[in-house]
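S.K.: 3D model of this:
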Amino acid sequence: MERSRLDLFLSRGYFRMQQQVFTCRYVYFDEVRYPVHWLRIVLAAVSLGSKQKRLFRINERFDATVKPLVITDELESLYDEYWNSLDFDAPYSVESCLLEGSPRTIFDTYVIEIRDQGKLIAAGIFDNGDQSIAGIMNFYHPDYRKHSLGKYLMLLKIQYAQQQHKAYYYPGYLIGQYPKFDYKLFACEAATEVYDALNGDWLPFSWETARVLESANLEES
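M.R.: Next up is the predicted model:
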């Protein structure tokens, strides 16, 4: 997929699923319907607060490297450790999440590797567009849980995208009335926008705006 085409899909509320793109307005958990809110972060507006700066400080001893993604045994082994620690459903491997049997990828995919004295302890996978990046996966070794490496990887992706002069970082969606996804606001809520699917606009994020969009979607459906 051309980078400019990925930018276009992302800007219209679509996101990657394996080797396709999709969108949705609702998800179901235990037969309950929850509203979906697609997010993007305006990189020029990002300002780090004390919590974000603390993560850079407590993780500064680790080495972080950005490079084109190659799905290795080392990467899958780390994901397996992470997967076994989860209390929610997730793809059973990196390969199943990204490729699901496809012989090659159509996306320009990179990985941020975090290492502790050479040991791979976390990885963050993202796709490159011309003007944006899309965060696809973050995972880490459960022994390093106190380092908040999932959130730290979000910050590293933002840092990389800024260095590459991108305009937007798309972290996926959060779910109204389902706080497990609220971490996607961690990087910089003030720089975050939410997609208005009915009008095709991006609006400054607030929970009040999200509730208004939920009501409008219910009326439209």
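S.K.: residues in contact with stretch 91-109?
M.R.: Applying C-beta atoms under 8 Å, 6 or more residues apart in numbering, the external contacts of stretch 91-109 come out as 1, 3, 6, 16, 18-19, 68-69, 71, 75-76, 79-80, 83, 125-128, 136-137. Any C-beta I mention is one placed from the backbone N, CA and C, and that applies to glycine too.
S.K.: Straight-line length of it, end to end?
M.R.: One end of stretch 91-109 to the other measures 18 Å (C-alpha to C-alpha, to the nearest Å).
S.K.: how far out from the middle of the chain is it?
M.R.: A distance of 16 Å separates the centroid of the chain from that of stretch 91-109, by C-alpha atoms, centre = their mean, to the nearest Å.
S.K.: quick one: average pLDDT of it?
M.R.: Stretch 91-109 carries an average pLDDT of 92.
S.K.: For it, which residues meet the burial criterion?
M.R.: 93-95, 97-98, 105, 107-109 (16 or more other C-beta atoms under 10 Å).
S.K.: Could you export the residues you listed as CSV, including secondary structure?
M.R.: Output for the buried residues of stretch 91-109, formatted as CSV (DSSP: H, G, I helix; E, B strand; the rest coil):
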residue, secondary structure
Ser93, coil
Val94, helix
Glu95, helix
Cys97, helix
Leu98, helix
Thr105, coil
Phe107, coil
Asp108, coil
Thr109, strand
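S.K.: helix/strand/coil for Phe139?
M.R.: Quick answer, by three-state DSSP: Phe139 is strand.
S.K.: Report the separation between the residue nearest to it when sequence neighbours are not counted and Glu76.
M.R.: Once flanking residues are discounted, Phe139 sits nearest to Tyr82: 4.1 Å by C-beta to C-beta, 6 or more residues apart in numbering. Tyr82 sits 11 Å away from Glu76, going by C-beta to C-beta, to the nearest Å.
S.K.: Quick check: which element contains the residue nearest to Phe139?
M.R.: Assigned by DSSP states H and E, Tyr82 falls within helix 73-83.
S.K.: all helices for the chain, in order.
M.R.: Shown for the chain, the helices assigned by DSSP state H span residues 3-11, 50-58, 73-83, 94-98, 149-163, 207-220.
S.K.: Deepest in the core, which of these is it.
M.R.: Of all the helices of the chain, helix 149-163 has the most neighbours on average by mean count of other C-beta atoms under 10 Å, namely a mean of 21.
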